[in-house]
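**Q** I'd like to go over a predicted model; first the sequence, then the structure.
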Amino acid sequence: MSELTKMTMVKALNSGLRASMEHDPKVIVMGEDVGRLGGVFRVTEGLQKDFGEGRVMDTPLAESAILGTAIGMTFRGFRPVVEIQFDGFVYPAYDQIVSQVARLHFRSRGSVRMPIVIRIPYGGGIGAVEHHSDSPEAQFAMTAGLKVVSCADPHDAHWMIQQAIASDDPVVFMEPKRRYWETGMVDTAETTLPLLASRVVRPGRDATLVAYGPMVKTCLDSAAAAAEEGVDIEVIDLRTLSPLDLGPVFESVRRTGRAVVVHEAARTLGLGAEVSARITEECFYALEAPVQRVTGYDMPYPPSRVEDEFLPGLDRILDAVDRARAY
C-alpha cells in the first residue's frame, strides 16, 4: 500500500539513509562534517545522534584518506557511504576511486566486492564560489567498474540511495544540489523502478528531451511552456549514467523522430555526446533531424553572478527543439 509523504530531496535522502542503516548494521556513513553538523546541506542530520559516532563518522578534510579508509572497511564487511562535501572536492580522491574502487573486483577475479556509495552533491544553481559547483559525472561514467546514477526528485532520492547501498558494486551517487530544497511526493512504502533504469516522466509526440539530475525539472518546465504553443514534448529522465539504459529513449525517438539531449556539464565528451551517438546508431532511419545538444560550455563553472548564462535554461532548450522541428 502506498504511503505518500511530501518531502524535500534533502529529507528524502536522509530518510533513505536512515532506512538503510536500520536495515543493515554494517552500513556506515563517513565524511567531512556529516556527524555533529549533519552535513553542510543537512542530508545526514540526526543520524549520528541516533546511530552513534561509530556508524556516522566525521573525518579529516582529506578526500583521498576518506576513500582509502572506506576501501579498507569493505574488507571487514562494512558498506560505507562516503560523502564528498562538494563536487569540486572529489579530485583528491580520484586516484582512489579510479585505481582502487573501480578495479578491485576485476583485479581479484570477482573475489573482492566493493559495496561503497560515493555521494557527490553536483552542479550549479546555488551561487557558490569556485570548487563548489562542478559536473564531473562523465569522468566517472567512462570509468569501467563504477556505476553512476543521479536522482532528479525526492521520490527517486529516497529509493535510489537505498538501492545503491544494497548494491555489491561501487556506486557514484550524484545529487543535484540545486534541487535539494524542492519538494515532491515520496512513496515510502514502495518504488516501481530498479536502480539502473531510465523512465519517461512526461509523454509527448513531437520531440524527445533526454536529461538527468538537475536538468530534468528544467526540461519539464520547457515542455510545459512548449505545450502552450501546441508542441507536445516527451521528457525522459536517464537516472542511470553508467550503465546507460537507453531502451526507453530509443522507443521514444522512433515515435517522435527528434531528440534533444540536455545536461549542465561541458559539451565536449559529456554524456550528451555518447547518448547522441547511440541514438544516431540505433534510430538513424527514424530521425527527422540531427540529434541536438544543450549543455554547459567548455570552460570551468563561472562566477556565481554570471552562472545563469552558463547553465542551460528554458530558452536554450526550446531553441534546440525549434531547430530540430525546422528540418
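**A** Looks like it arrived, so ask away.

**Q** R179 touches Y212, doesn't it?
**A** No - in this structure R179 lies outside contact range of Y212 using CB atoms under 8 Å: 11.6 Å. All C-beta atoms are positioned from the backbone trio N, CA, C, and that covers glycine.

**Q** so what's D24 up against?
**A** If you count contacts by CB atoms under 8 Å, 6 or more residues apart in numbering, D24 has them with R79, I165.

**Q** any idea which residue sits dead centre in the protein?
**A** S150 (1.6 Å; CA atoms, centre = their mean).

**Q** okay, and the beta partners of that residue?
**A** M174 (DSSP bridges).

**Q** what's the spacing between it and A324?
**A** Separation of S150 from A324 (CB to CB, to the nearest Å) stands at 24 Å.

**Q** for the worst-scoring helix or strand of the chain on mean pLDDT, what is the distance to the chain centroid?
**A** Comparing helices and strands within the chain by mean pLDDT, DSSP states H and E singles out helix 307-310 as the least confident, with a mean of 88. The chain centroid and the centroid of helix 307-310 are separated by 20 Å, computed with CA atoms, centre = their mean, to the nearest Å.

**Q** same question for stretch 16-35.
**A** For stretch 16-35 - counting by CA atoms, centre = their mean - the centre lies 19 Å from the chain centre.

**Q** number of residues surrounding the closest residue to A141 other than its chain neighbours?
**A** Distances taken as CB to CB, 6 or more residues apart in numbering put S242 closest to A141, at 4.0 Å, once the chain neighbours are dropped. Each residue near S242 was counted by other CB atoms under 10 Å, and the total is 21.

**Q** need the helices for the stretch 51-200 of the chain, in chain order.
**A** Applying DSSP state H, counting those that start in this stretch to the stretch 51-200 of the chain gives helices spanning 63-74, 94-96, 104-107, 137-141, 154-166.

**Q** the fourth one - what's its average pLDDT?
**A** It stands for helix 137-141. The average of the pLDDT scores along helix 137-141 is 97.

**Q** just give the number of residues close to G52.
**A** By the criterion of other CB under 10 Å, G52 has 11 neighbours.

**Q** for E137, see how far away it is.
**A** 33 Å.

**Q** centre of the chain to stretch 111-124, how far?
**A** The mean C-alpha position of stretch 111-124 is separated from the chain mean by 11 Å, CA atoms, centre = their mean.
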